[in-house]
Every structure is written in C-alpha cells, then in structure tokens.
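Engineer: sequence isn't available, so here's the structure alone:
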C-alpha cells in the first residue's frame, strides 16, 4: 500500500441533500514484499478480519493448525525483551513467507496442497509476512503499520488543514454519526465524540509527519515498533482511520446517488442488507471493529479505493 493510498476526505459529501435525510475481504496487498497474518485466530473459527492463513470455515483438517506449545512459544516472541511487564508488540517481526507456510500447512491433504500452492504464488511478489495481534483490529493494524513504516512523504490529504474540520462538518451534517462507538480502550472516558476524533486525526498527522522526517527505513521501523507498543496511541489512530473510512463511504454513496461513476467495490458494499447506506455501515460494521468483529473485504477496500481488483 503506497503512502498516498489512504482515503482522502475530499469535499463534504451530501451537500444539497434534503434536511434530515436518514442515511441509515481477499485483503488488499499491504505493500511490496510484505503481507500480514492474524496472530491469534482460534482454530476452526472463521476470522472476520485480516487473516490469509487462517479461518477456513469449510472442511476441518488435522494439519491446519500448529501445536499449542508452538503457538505459545511464538506468542512469547511478541513480548518485549526487557520484561513481561512491557506491552506486546502488535505486529511481529518479518519472517519468510514460505517458512510461515511450512509451519501452517505441514500435511499432505488436498487443502494443505492448495494452500501451499497459493503461498508459492503469493511469494512471487511478497517475500515476507508479519503476524498481527488478532483483536478485531487486525485489518486496520496491518494496513496502518505497513503504510506508516514505509512512509517517505506526508500524503496530500494529511497536509490539508481541512482534515481537522472533518469531524465537526460531518457530525453537524449527519446526526446519525453521533451513534459512533469508540473502541474499548476509550469506554467510560466521557469524551466528546468530535473532540476525540479530532484528537485522533491530529495524532495520525503528527506520527506520520515524524516518520517521514526519518532518513532511513530502519529508523522508521524502530519508530513504528515503538508506536505499535503504545496501546493508547495505537488505538487512537484506529479511530482516525475508521472516521476517514466513513468519510470516504459517505462520499462514494453520495456520488452513487447522484448517478456518478463509482468503484465497483462500493457498489457491492452498499448492495448488502447490513450496509445499504453509510449509516448502516457505521452501525453494523465500523462500530463492531474492536468489539465483536473485524472488517470484510469490501469494507476494507474503503481504505484504498484506488486498489485495482481483478
């Protein structure tokens, strides 16, 4: 995912709409040479988030998952080496994608053979893979980590000062946005929604700006590792990304209603019973992120509307 691929707030969609109008994923590649996998998806359970190597909900096979002791050993690697009191790194170090495949699919069943073949194809473009913490933020986590760790310039949409006005403008125009459900890390803090989103957007800009000022990829990697150990800041960034996704969804929906050409994924997004419009997308999907569910492919695409689909 290139650093210019995050959703642009662009214009304020919905202008001219009647007063009180009630607007009731194969994951996209994360960047050249790297992919991601969810860290703790339960065996035999479909992963609602970003999990290319897990979550097969069809036939059950003995070789799909590793031994419990092996999983626990790998989890221990995510704990900072200075002590168990340190928070876990949300995104694990890179490992060779075929080594990962060999650990995950060690048998000779038909499913294992298909998965191995798939990984071989993927390895032609992606040489490494990272495990991400599986807490229903995994799609956002994988995307944001990849984008920020490779950031060499501040995206135009983050340079635009109007982005800080986005929460106030959208919340005042669409009353249903007040149904926004903050992540679990912010429950009970009683913060004003607009102020919290604005704070999250400011943090996103600040952190991204700092990363682009670093001279080497190694420096950015270390800084990202530190950022994704800081749970309060990390989860605040996800609120900003979710809000930018909602803003893009509103823009796409408004364009569709006006008869403008829109990306095909947005047609699929709004064709579903649970997300017929942005308000339903918020209530039934974005509000569930970090609580009871992750993101599916067509929601996830709102992050990168220019991603080509075959």
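Structural biologist: That came through fine. Owing to the predicted nature of the structure, the values given are computational and were not obtained by experimental measurement.
Engineer: what is the neighbour count of residue 173?
Structural biologist: A total of 15 residues lie near residue 173 under the criterion other Cβ atoms under 10 Å. (Glycine included, C-beta is placed from N, CA and C.)
Engineer: residue 250 versus that one, what's the distance?
Structural biologist: The span separating residue 173 from residue 250 equals 9 Å under the rule Cβ to Cβ, to the nearest Å.
Engineer: do residue 268 as well
Structural biologist: Distance from residue 268 to residue 250, counting by Cβ to Cβ: 17 Å.
Engineer: for the two, indicate the residue with more neighbours.
Structural biologist: Set side by side, residue 268 and residue 250 show unequal neighbour counts under other Cβ under 10 Å, the larger going to residue 250 at 24 against 14.
Engineer: and that one, what helix or strand is that in?
Structural biologist: Under the criterion DSSP states H and E, the helix or strand holding residue 250 is helix 231-257.
Engineer: show me what that helix is packed up against.
Structural biologist: Contact analysis of helix 231-257 by 3 or more Cβ pairs under 8 Å, 6 or more residues apart in numbering; DSSP states H and E lists helix 138-149, helix 166-173, helix 193-212, helix 264-269, helix 278-284 as its packing neighbours.
Engineer: can you rerun that using 7 Å?
Structural biologist: Contact partners of helix 231-257 among helices and strands, from 3 or more Cβ pairs under 7 Å, 6 or more residues apart in numbering; DSSP states H and E: helix 138-149, helix 166-173, helix 193-212, helix 278-284.
Engineer: ok, which of those helices comes nearest residue 238?
Structural biologist: Evaluated with Cβ to Cβ, the helices and strands packed on helix 231-257 place helix 138-149 nearest to residue 238, the distance being 5.0 Å.
Engineer: average pLDDT for the helix or strand that the closest one is followed by?
Structural biologist: Per DSSP H and E, helix 138-149 leads on to helix 156-159 as the next helix or strand towards the C-terminus. Taken as a whole, helix 156-159 has a mean pLDDT of 89.
Engineer: cool, stretch 91-106 as well?
Structural biologist: The average of the pLDDT scores along stretch 91-106 is 92.
Engineer: what residues sit buried inside stretch 169-181?
Structural biologist: By neighbour count, with 16 or more other Cβ atoms under 10 Å as the criterion, the buried positions of stretch 169-181 are 170-171, 174, 176-177, 180-181.
Engineer: closest one of those to residue 126?
Structural biologist: Sorting the buried residues of stretch 169-181 by distance to residue 126 puts residue 181 at the head of the list, at 33.6 Å, by Cβ to Cβ.
Engineer: if I read this right, that closest one contacts residue 288, doesn't it?
Structural biologist: No. Contact between residue 181 and residue 288 fails when scored by Cβ atoms under 7 Å: they sit 8.1 Å apart.
Engineer: what's the neighbour count on the nearest residue to residue 91 once chain neighbours are set aside?
Structural biologist: Taking Cβ to Cβ, 6 or more residues apart in numbering, and ignoring the residues beside it in sequence, residue 91 has residue 145 as its nearest neighbour in space, at 4.8 Å. Residue 145 sits with 25 neighbouring residues when counted by other Cβ under 10 Å.
Engineer: report the contact partners of residue 145.
Structural biologist: 91, 224, 228 (Cβ atoms under 7 Å, 6 or more residues apart in numbering).
Engineer: which of those has the most neighbours?
Structural biologist: Once you tally neighbours by other Cβ under 10 Å, residue 91 ends up highest among the contacts of residue 145, having 25 neighbours.
Engineer: list phi and psi for that one.
Structural biologist: Backbone torsions for residue 91, taken as degrees, to the nearest 10, come to phi -130, psi 120.
Engineer: quick one, what contacts it?
Structural biologist: Listed by Cβ under 7 Å, 6+ apart, the contact set of residue 91 reads 130, 132, 141, 145, 228.
Engineer: cutoff 10 Å now
Structural biologist: Contact partners of residue 91, counting by Cβ atoms under 10 Å, 6 or more residues apart in numbering, are 36, 39, 78, 130-133, 138, 141-142, 144-146, 149, 224-225, 227-229, 234.
Engineer: beta partners of it?
Structural biologist: Residue 91 forms beta bridges with residue 132, as assigned by DSSP bridges.
Engineer: the one 4 residues further on too?
Structural biologist: Taking DSSP bridges, one obtains residue 129 as the residues bridged to residue 95.
Engineer: quick one: it and residue 104 touch, right?
Structural biologist: No. Here residue 95 lies out of contact with residue 104, judged by Cβ atoms under 10 Å, at a distance of 11.2 Å.
Engineer: more neighbours: which of those two?
Structural biologist: residue 104 (19 against 15).
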